[in-house]
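> this one's structure only:
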């Protein structure tokens, strides 16, 4: 299970183990009470206690349950139901529970400052991940600032690269405050192994930087190709629209010409019928004696001669 590291730029002061089933996470600057905690995973707040103002030592003065460790020893805490279990954040500063009770929250959202309430000896946040049966389980953290996800303490030397950006790991970053005995050969060997893995991260960081630069160049070329393609498509669409407009103009002219041709053909048909009628009149007039011609017949005869001259 991978979750977001609850304190940005924070540091683990006590890791998960068989005797400490959770993670104690302190601010980057020790004792900084103005450091906010953020939700490691999205979900819904199901429990919130925010009234405690002091800390105590187990069984000592101020311990409300001196006989044994109980839920009160978490001090002020928030419990969140997540997609596959529960997250618990403890030893918080006093806060108004009404601001969080039953609230739907998002991963990375800041909510309360670190404190030292309950069975606590310093400013920090005690974080636990619990499964559906409410049993504590180890997790892997996502540090988005550096892209390095740290496994539980039993395998703290195994660093995994999970993000697009990696940070240079200095020897001062080695987790020497995790009950690691550096006084013997075993401790020195473990430190050397860790340093070797840190150098590997640095090398991978350099290689990744080159890959990112290459990817940026390719992305720029792809973007330019997209712009060029869009410009060509726009020109093709404009040419298509122009051609369609010209086609409509030509079609309109063609339709007009066909109509004119039909009108001419109809007129020619009418003229031929008239000529046929006049020719019949002329033929009839030629067969009649002049003495029998009436004025109307003479007019028709004159018309016939005009047509003959034509």
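Okay, I see it. Nothing here was measured: the structure is a model prediction, and the numbers come from that model. Numbers count the residues shown, from 1 in each chain.
> Now do residue 119 against residue 106, distance only.
30 Å (Cβ to Cβ, to the nearest Å). To be clear about C-beta, it is placed using only N, CA and C from the backbone, and glycine gets the same treatment.
> Compare neighbour counts for these two and give me the winner.
More neighbours surround residue 119 than the other of residue 119 and residue 106, with 23 against 10 (other Cβ atoms under 10 Å).
> Distance check, the nearest residue to that one once chain neighbours are set aside against residue 120.
In space, and not counting its chain neighbours, residue 119 is closest to residue 73: 3.8 Å by Cβ to Cβ, 6 or more residues apart in numbering. Distance, residue 73 to residue 120, using Cβ to Cβ: 9 Å.
> Residue ranges in the stretch 101-250 of the chain under the pLDDT threshold?
144-205 (pLDDT under 70).
> Going along the chain, name the strands of it.
104-105, 110-113, 118-119, 125-130, 136-137, 140-142, 148-150, 159-161 (DSSP state E, counting those that start in this stretch).
> who does the fourth one pair up with?
Strand partners for strand 125-130, identified by DSSP bridges, are recorded as strand 23-26 (antiparallel), strand 85-92 (antiparallel), strand 136-137 (antiparallel).
> Over to the second one?
Each strand pairing with strand 110-113, determined using DSSP bridges, is listed with its direction: strand 36-38 (antiparallel).
> just to revisit the earlier point, out of the strands paired with strand 125-130, flag the one nearest residue 235.
Comparing the strands paired with strand 125-130 against residue 235 with Cβ to Cβ, the closest turns out to be strand 85-92 (56.6 Å).
> next one: the closest one to chain centre, how far?
29 Å (Cα atoms, centre = their mean, to the nearest Å).
> What mean pLDDT does it get?
Averaging pLDDT along strand 85-92 gives 96.
> Please point out which parts of that strand sit buried.
If you call a residue buried by 16 or more other Cβ atoms under 10 Å, then strand 85-92 has these buried ones: 85, 86, 87, 88, 89, 90, 91, 92.
> got it, and stretch 107-125?
111-120, 123-125.
> Likewise for stretch 246-265?
Buried, per 16+ other Cβ under 10 Å, within stretch 246-265: nothing.
> What segments of the stretch 51-200 of the chain are helices?
Assigned by DSSP state H, counting those that start in this stretch, the helices in the stretch 51-200 of the chain fall at 185-286.
> Bridged to residue 78, which residues?
Here residue 78, judged by DSSP bridges, has bridge partners residue 48, residue 89.
> Quick one: residues contacting it.
45, 47, 48, 88, 89, 92, 100, 111, 112 (Cβ atoms under 8 Å, 6 or more residues apart in numbering).
> Select, out of the strands of the stretch 101-250 of the chain, the one closest to residue 271.
Comparing those by Cβ to Cβ, strand 104-105 comes nearest, at 92.0 Å.
> That closest one: partners in the sheet, and parallel or antiparallel?
For strand 104-105, using DSSP bridges, the partner strands are strand 43-49 (antiparallel).
> and the partner strand, what's its mean pLDDT?
Mean predicted lDDT for strand 43-49 stands at 94.
> That strand: how far from the chain's middle?
Counting by Cα atoms, centre = their mean, strand 43-49 comes out at 28 Å from the chain centroid.
> Can you give me the buried ones in that strand?
For strand 43-49, by 16+ other Cβ under 10 Å, it's 43, 45, 48, 49.
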